[in-house]
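# Dropping the sequence and predicted coords here.
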Amino acid sequence: RYLSVQEAGRRRAIQRRAATLIQAQWRATVTSKRFTASVEATIILQRAFRGVIVRAEIGQLSSKARIIQVAWRMFQLKMTASIEAVTLLQRVLRGAKVRAEIELLSYNARIIQATLRMFQLRMKYKYSIRCI
């Protein structure tokens with residue numbers, strides 16, 4: 001069977017349209033896949049870049065935290081040294097006070113002892129005069 005020229009032309013037109021439609025669908029599919037791949041790649045790049053930025057910020061915060069920790073430790077050391085210095089000063093002052101009190105007590109004890117000896121000598125002398 002031979003088709004008429006008109007029918008053959010219509011068939012070719014339908015085939016061209018079908019081919020054009022298939023090609024358009026294929027290009028749309030390829031373009032969609034490329035677009036999806038580029039979106040995914042963009043997301044991966046953004047995620048990586050954000051990770052780099054966050055790690056850098058964490059590094060800066062860590063270094064600032066270390067600076068604060070060092071300052072706090074130095075403050076604690078200074079306070080400990082101050083407390084030790086105050087304790088030493090108190091110890092020295094208390095020692096001096098106690099030594100002064102001991103010296104005063106010793107002086108008073110010597111006076112009492114001397115007075116007692118004088119009293120005993122007088123009593124001995126009075127007794128010896130009476131006996132004569």
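Yep, it's here.

# Show me where this structure has its helices.
Secondary structure of the chain (DSSP state H): helices at 5-131.

# Tell me where the model's unsure across it.
Filtered on pLDDT under 70, the chain yields the residue ranges 1-3, 132.

# now do 90
Applying pLDDT under 90 to the chain picks out residues 1-11, 124-132.

# Quick check: residue 9 vs residue 19, distance?
To residue 19, residue 9 is 15 Å away according to CB to CB, to the nearest Å. C-beta: built from backbone N, CA, C; applies to glycine.

# go on, residue 126?
Using CB to CB, we find residue 126 at a distance of 156 Å from residue 19.

# same thing with residue 114?
Distance from residue 114 to residue 19, by CB to CB: 140 Å.

# And for residue 87?
Distance, residue 87 to residue 19, by CB to CB: 99 Å.

# And for residue 111?
135 Å.

# Next: residue 101.
Taking CB to CB, one finds residue 101 at 120 Å from residue 19.

# Same question for residue 57.
Going from residue 57 to residue 19 by CB to CB gives 56 Å.

# do the same with residue 96
To residue 19, residue 96 is 114 Å away according to CB to CB.

# go on, residue 93?
Distance, residue 93 to residue 19, using CB to CB: 109 Å.

# Next: residue 52.
Residue 52 sits 49 Å away from residue 19, going by CB to CB.

# do residue 68 as well
According to CB to CB, residue 68 and residue 19 sit 72 Å apart.

# Noted, bye for now.
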